[in-house]
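Enquirer: From the sequence below, what's the structure:
(3 chains)
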Amino acid sequence: MNVKALIFCALPFMAHAQGFAGLGTEVEGFSVPQPSPIFTFPTDHGPHNDYRIEWWYLTANLAGTDGTDYGLQWTLFRSALAPEEGAGWAAPQLWMGHAAVTTPDAHYVSERLGRGGIGQAGVNADPFVAWIDDWELSGDWNTLAMSASGADFAYDMELTAQGPLVFHGDAGFSVKSAEGQASYYYSQPYFDVAGVLALPTGDVPVTGSAWLDREWSSQPLGANQTGWDWFSLSFDEGAKLMGFRLQQTDGAHFTAATWIAADGATTAMEDGAFTAVPLDENAQGVPVRWQVTLPARDVDVTVAAINDNAWMTTSVPYWEGPVTVTGSHQGRGYLEMTGYE
Amino acid sequence: MTRVTLHALLSHWWRSPLQLFTLLAGLALATALWSGVQAVNAEARASYRAASTTLGEGRYDRLARRDGQPIDLATYVALRRAGWLVSPVISGRLNDVRIIGVDPLTAPGSMGAAEIAQGADVAGFLAGQGQLFGSADVAARLPDFTVIISENAAPNTAVTDIGIAQNVLGRSGEIDSLVIAPEQPICQGDLAQIAPDLIRQRAQQSTDTAQLTDSFHLNLTAFGLLSFAVGIFIVNGAIGLAFEQRRPVIRTLRALGVPLRRLMLLMAAELMIFATVAGVVGVFLGYVIAALLLPDVAATLRGLYGADVSGTLQLRPSWWVSGLAIALGGTAVAATGALWKLSKMPLLAAAQKRALAMAAGRRAGLQAMIAATLLIVCLILCITAQGLIAGFALLACLLIGAALVLPFVLDRVLSVASRGAKSIVAQWFWADTRQQLPGLSLALMALLLAMAANVGVSTMVSSFRTTFTGFLDQRLTSELYIDTADPAQAADFVAYATPRVDAVLPIMSSQITIADHPTEIYGTRDHATYRDNWQMLEAARDHWDTTFAGQTILLNEQLARRGGLSVGDYVTVQGREMAIAGIYGDYGNPIGQAIIGEALFKEMYPEITPDRFGVRIAPEKVPDFIAALNAQTDISAAKTINQAGIKALSLAIFERTFTVTTALNILTLAVAGFAILMSLLTLAAMRVPQLAPAWAMGMTRAQLGRLELLRAVMLAMLTAVIALPLGLALAWALLSVVNVAAFGWKLPMYLFPMDYARLGLFALLAAALAALWPARRLARTPPADLLKVFSNER
Amino acid sequence: MLLQVENIHKTYATADGPFEVLRGIGFALGAGETLALTGESGSGKSTLLHIIGGLDTADQGRVLLDGSDIAALDDNGRAAIRRGAIGVVFQQFNLIPSLKVADNIAFQARLAGQYDPEWTATLAERMGLAGQLNKYPEQLSGGQQQRVAIARTLAPKPRLVLADEPTGNLDEDTAGTVMDLILELVSETNAGLLMVTHSQALAGRMQRRLHLRAGQIA
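Expert: You can find the predicted model right below:
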């Protein structure tokens, strides 16, 4: 075990003591999300240091000029050792960045670690900028510039918002378990994207759409929840669906979903309204084809990975990659699966 | 029944405490020898590993300020934000402990000391609560800090978070250097623009020292192996005798109704108890030996690394386990044979002496056959052996084969000698010696192995030292070496130094591939420095002339071996066919190396300008020159390397290696001497009936005693004569097979006749000392005891 | 019947080929009976004694002790018989040199789990060994050593005593005394005694006598 893994053991990202990555562990001193929140922007685009974990999570479905599908991920996690910010090396905010590019036959991953307090990583609400090392996501949320690089890939993207922010659950209070664990959760699923992927095979100009999630909490999972399957699907006719299925140690599942109409109007779905059933596994035993239904909206679709091997070989390993949607609705989307180690 | 039988078995030892002592002492000494060598080895390795894994020091390239000043935080963050994956390091001393501060989130690879501290309060480590990772001695020296003890931590070093280190060292905000991760993103800012003050320091050629140390360890490992062999022979002898002496008692016990299986079980249990006791004593003795030797080993390694190596010994559980395992395992191996013989022993002491003699003859024949087979395998391996395992197999075959063949050879020699004997006493002496040989053969085998080991290892170490000293002379010929930062500084230096010194020799190199092997090619100026000092293993005529003229190339041994190249072959360099004019020894270098003339190098690599220089200057002028250089140019003293210092250090290291080797030599011989003593003492009782007739027929007891002493010395001398070629063969195998397999280069073998003569003398002395007491005892045997032989029909 | 020996055959391999040392021996011995086994050297006396004592095995035939066959037992079974039921007095004494006289006398009885301190003390007393109990065997004379061996044999009160030239290493006077003791003690314990001897005088003191010639009872 190397020291980084050791250190992240102590972090919510990583500890397997309870739930996945310690997200089911209760920690004293941190704030807890409350129902019916009122958000203030741009302040709430920035960090909430009194909550234990937080992320800025962007996924994008892209296409090259030849029609080849690509997936892209840019993520910044914040993990707090204490509910405060400080300056210098002893500051208690730690940051972890994940970037990935998925092609039909390759998956490039990079990870960065750093701490707040010295300027190596952080998020500023106004003007908005989220960064770790040379990776950066910045702009006014109508337009954003985004870049990241690894040992074998890099990208540079421009994002333009084509719709409003979307709030999940009860106006952004997203319940994650029957015991009431919850997080604050909103998204901007309407970005148009254009930019260049630098891959070992050469530079690839791409366009497509992106979905940016913002979520923060202190203990978002129940103690008996071991991982999740999370779907963000954009249907060709304009509507979108965010749904997730939380795995429990007793074999049961807790599901929640948000139906986003083409005009941006949202409907939160109760536990059980959304279902996701694995169809096929990849060689590693991770399900890469799913039957997803939302009977309330006549959704019955097959979700299939564009590249089965989108495994994130990061400190906390998980599966994250672009998918196609067929069946009652057609479209594209992203799938994230955790707890399959 | 068990208690009564055990009582009867154990009562033997009460009545013969000397036998008990020899058995226990033999076992304990064998264990001590083994565990002592292992302990030294393990401790040295552990220290080395800890030292080298702490931050992987020297393994990575670094960025540091050109002027040697600390780097500020802003520069670090600017580099990170420009895509440079660098990690800050600070180090300093507090209470004589080296404090190393790192940022665990960005440090590349593993971080030695902290690595094993699982379950530590890691959040505390990061959040500035003051945890340090270090060994127990560090904890003692830093009483004001929370030191998390880590057994494998580098000695005298504490690793902690950089923020804590800055506070502890009173150097807030400062960074000494930035370690560059081996894998960098594809997009990066220009270093010269972001941090113009920083220069990149290449990773130390740490392979040099690593290989050196590996050689040193190989040395000790070989010794460990040999000491193990010696130990096994001693244990085997001690146990064989313990069984032999009690043969009649065992028979009586069985006749009185003790079942065979119960008897064997009890004897096995008895031996295991002895082995445990002796093993514990042996491990302690080994610990003492190691503790006495370790300061030298530690000093050796400290010299090699310039890093702290703990000079004190930690009692590691692995030694206890391995030491006891050797005692118990060796006993078990020896006892299995003895117990098997016991189980086959007829219940009735039938007058089948002839059958027994026939069985003994068959056993001797079998042993000679096994020995012959092993020696043949050994010969085949000499020719075919490749790789480390084959090398060690060769060593094993050679040693065991030679040991097993020893009784046979001695028997032949004695038989020839007895034929030449004229006087009746001489005839009796030779015949009697032959008769005694089986009882002494195990002890003599141990002596043979001990002597061969000493000859072999001394030869190896001395050859190593001789070769390496020569190599240092060759490689560090220039009195002074200068590193310059950039071409401008290099030009300044050349301009400054040229009129003030005897010669300035530029050192230029480039990475290329020759015969599919990665190679560093050097362009070398035509100067006597090279012609006079470089030793070629193989060379064409006028090899320096043709090479400096740009016509030929010189290769190091590694490259020649790997590429199957020899002098006269052609290699392709930058599309040009060049003949190989010479092959030179290059010890401690893992990759290929080649030398061409300076002019040709500049033609082939016009973009490379030299940044290192060797300076030829009278040694006494060196300090003044350095002082003037520092004062008048921007080259700091840190960039000058005084080769005299390096050489002196290296030589000191080998002196220490030598001390360790000598100490082990004497110890091994002492143990072998003890084996002889033991055998003679236990044989003494059986000797009485053999000697009584000689006494009765008119030889005095003093005469008999002198002959006993003479016999021991003579057998030791014969053994020594056989041990010398065996030891040389051993050295050859170590240098030419094992070393080549391990490191890719062959050490030339030198002979040290004076050393061997001294060793032989020690061996004879050991044998004479061992025989002295038994001989005196014999000379003083009361006549009544001798008479008993006749009065009592045994 | 205490001991029944039936049709014992035994052959040794020698340099000159197989040699049949016992050719169908049979006899019986009751409790309290004494029997002398005489014959020339090589007539098979000792071999027969060893087979009866479970020290050796016959090629053919049965040795019944209280009706059960010793020859049919395995090594452990024969060892048990040797410990408790049968006592053997050897010509070479076979004492354990590292044990004191007292321990030697008690040894077999302890081994068999039939140790009776009073009886053992009585034996030592009557063998004239009372003053020697703390000595080691090598400190005793031959006659004394043989008396230790006899005491050791009788200590567990075996039902059958086998003796192989028990006085062969002793002078005539001592031999006579030792023999008196053996006969006295055997008759007291109502054991059977089978003694191999060269001596006509000794043989004459037994109730019966068997003479072996060329492996058969003459």
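Enquirer: so who does A:Gly97 touch?
Expert: When contacts are counted by CB atoms under 8 Å, 6 or more residues apart in numbering or on different chains, A:Gly97 touches A:75-77, A:111-114, A:121, A:132-133, A:135, A:148. Yep, even glycine has a C-beta here, placed from its N, CA and C like the rest.
Enquirer: check contacts around B:Thr524.
Expert: B:505, B:530, B:547-548, B:595-598, B:601.
Enquirer: Now do it against B:Pro610, distance only.
Expert: 11 Å (CB to CB, to the nearest Å).
Enquirer: Just put the contacts of A:Gly97 in CSV and tack on distance to chain B.
Expert: Below are the contacts of A:Gly97 laid out as CSV (distance: CB to the nearest CB, whole Å):
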residue, distance to chain B
A:Thr75, 16
A:Leu76, 14
A:Phe77, 13
A:Glu111, 11
A:Arg112, 8
A:Leu113, 4
A:Gly114, 6
A:Ala121, 8
A:Ile132, 9
A:Asp133, 5
A:Trp135, 9
A:Ala148, 9
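Enquirer: May I ask which of these has the most neighbours?
Expert: A:Ala148 (30 neighbours; other CB atoms under 10 Å in any protein chain shown).
Enquirer: which SS class is that residue?
Expert: Following DSSP: H, G, I helix; E, B strand; the rest coil, the label given to A:Ala148 is strand.
Enquirer: Ok, the one 3 residues further on next?
Expert: When classified by three-state DSSP, A:Ala151 comes out as coil.
Enquirer: ok, now which ones touch it?
Expert: Taking CB under 8 Å, 6+ apart as the test, what A:Ala151 contacts is A:110, B:183-186.
Enquirer: Show residues contacting whichever strand or helix holds C:Ala201.
Expert: Per DSSP states H and E, C:Ala201 falls inside helix C:200-204. With contact meaning CB under 8 Å, 6+ apart, helix C:200-204 is reached by C:36, C:38, C:167, C:175, C:179, C:195, C:197, C:209.
Enquirer: do stretch C:72-85 as well
Expert: Contacts with stretch C:72-85, where a contact means CB under 8 Å, 6+ apart, come from B:1, B:254-261, C:53-55, C:62, C:65-66, C:70, C:88, C:108, C:111-114, C:156, C:158-160.
Enquirer: make it 6 Å
Expert: For stretch C:72-85, contacts defined as CB atoms under 6 Å, 6 or more residues apart in numbering or on different chains pick out B:257, B:259-260, C:54, C:70, C:111-112, C:156, C:158-159.
Enquirer: buried subset of the contacts of B:Thr524?
Expert: Buried by 16 or more other CB atoms under 10 Å in any protein chain shown: B:505, B:530, B:547-548, B:595-598, B:601, out of these.
Enquirer: Pick out the residue nearest the middle of chain A.
Expert: Most central in chain A under CA atoms, centre = their mean is A:Tyr57, positioned 4.2 Å from the mean C-alpha point.
Enquirer: Ignoring the adjacent residues along the chain, who's closest to it?
Expert: Nearest residue to A:Tyr57, sequence neighbours excluded (CB to CB, 6 or more residues apart in numbering or on different chains): A:Asp213, at 4.2 Å.
Enquirer: Could you check how far the one you found is from A:Ala178?
Expert: 23 Å.
Enquirer: Could you check which of these two is surrounded by more residues?
Expert: Using other CB under 10 Å as the criterion, A:Asp213 and A:Ala178 rank with A:Asp213 on top: 22 against 14.
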